[in-house]
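Student: please work out how this folds:
(2 chains)
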Amino acid sequence: EVQLAESGGGLVKPGGSLRLSCRVSGFTFDSYTMNWVRQAPGEGLEWISSISGTGTYKSYAGSVKGRFTISRDNARNSVYLQMNSLRAEDRAVYYCARGVIDYWGQGTLVTVSS
Amino acid sequence: DIQMTQSPSSLSASVGDRVTITCRASQGIRDDLGWYQHKPGKAPERLIYAASNLQSGVPSRFSGSGSGTEFTLTISSLQPEDFATYYCLQHNSYPWTFGQGTKVEIK
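Tutor: Okay, the predicted model is just below:
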């Protein structure tokens, strides 16, 4: 069974940093691109980043480029999102998702507030 | 960037109704499109992949069509569990983009 589990969300002050993790199981992790998608309160879904199976290729949405960094550790079946210079508008539920987004985790809430 | 224009943004329908949601891409994306259902507090669920292929385990009342720039999600007979928000997603080129969503409500 494919499973994805995010962790690391919480409350952080504007300008602060947070690192999200997503641990997966049930599939050959290094064969898949992995993604982060978020949903701000009352808003729609927003794709924010992808990383290829080997970690060589990374892409970012313009809203997070230069502030967020995606990475992965294939030995640990995990993908990460390092979020720096956080803003109030980064407040959202953050989901990790597999491949061309066929499976999703349950999400982790990030709140940015002073 | 490819823009995905989804319509309508919301609709009211009754159980048993046929419902159609449309996504238009700002440039051709072949069939690199998925449809998702999202209920509050839950992870989104993919219904359709490659524009017209039904995800395993998804009821056959859901169907997708289209290619290039025009795509449609159809629910042939709306059921109580289908009241949710629906999104399209293009994964043809980065940045991947979702449509704005369609909230399907009970009439």
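Student: near chain A, which residues of chain B show up?
Tutor: Counting by C-beta under 8 Å from any C-beta of the partner chain, the residues of chain B lying close to chain A are B:1, B:32, B:34, B:36, B:38, B:42-46, B:49, B:55, B:85, B:87, B:89, B:91, B:94-101. No exception for glycine: its C-beta is placed from N, CA and C like everyone else's.
Student: among those residues, which ones are in strands?
Tutor: Secondary structure from DSSP state E places B:34, B:36, B:38, B:45-46, B:49, B:85, B:87, B:89, B:97-98 of the residues of chain B next to chain A in strands.
Student: roughly how far apart are the residue most central in space within chain A and chain B?
Tutor: Centroid-nearest residue in chain A: A:W36, 3.5 Å away (criterion: C-alpha atoms, centre = their mean). The gap separating A:W36 from chain B is 11 Å, by C-beta to the nearest C-beta, to the nearest Å.
Student: now a ChimeraX select for only the buried ones of the residues of chain B next to chain A.
Tutor: To isolate the buried ones among these in ChimeraX, judged by 16 or more other C-beta atoms under 10 Å in any protein chain shown, type:
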select /B:32,34,36,38,43,44,45,46,49,55,85,87,89,91,94,95,96,97,98,99,100,101
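Student: hang on, B:E81 in a strand?
Tutor: No - counting by DSSP: H, G, I helix; E, B strand; the rest coil, B:E81 is located in no strand; its state is helix.
Student: what's the pLDDT at residue 20?
Tutor: Since no chain was named, I'll use chain A. If you check A:L20, the pLDDT there is 98.
Student: actually chain B
Tutor: On the pLDDT scale, B:T20 gets 98.
Student: pull the number of nearby residues for it.
Tutor: By other C-beta atoms under 10 Å in any protein chain shown, 14 other residues sit near B:T20.
Student: residues in contact with it?
Tutor: B:72-74 (C-beta atoms under 8 Å, 6 or more residues apart in numbering or on different chains).
Student: contact partners for the residue nearest to the centre of chain A?
Tutor: So A:W36 contacts A:20, A:22, A:47-50, A:70, A:79, A:81, A:94-97 (C-beta under 8 Å, 6+ apart).
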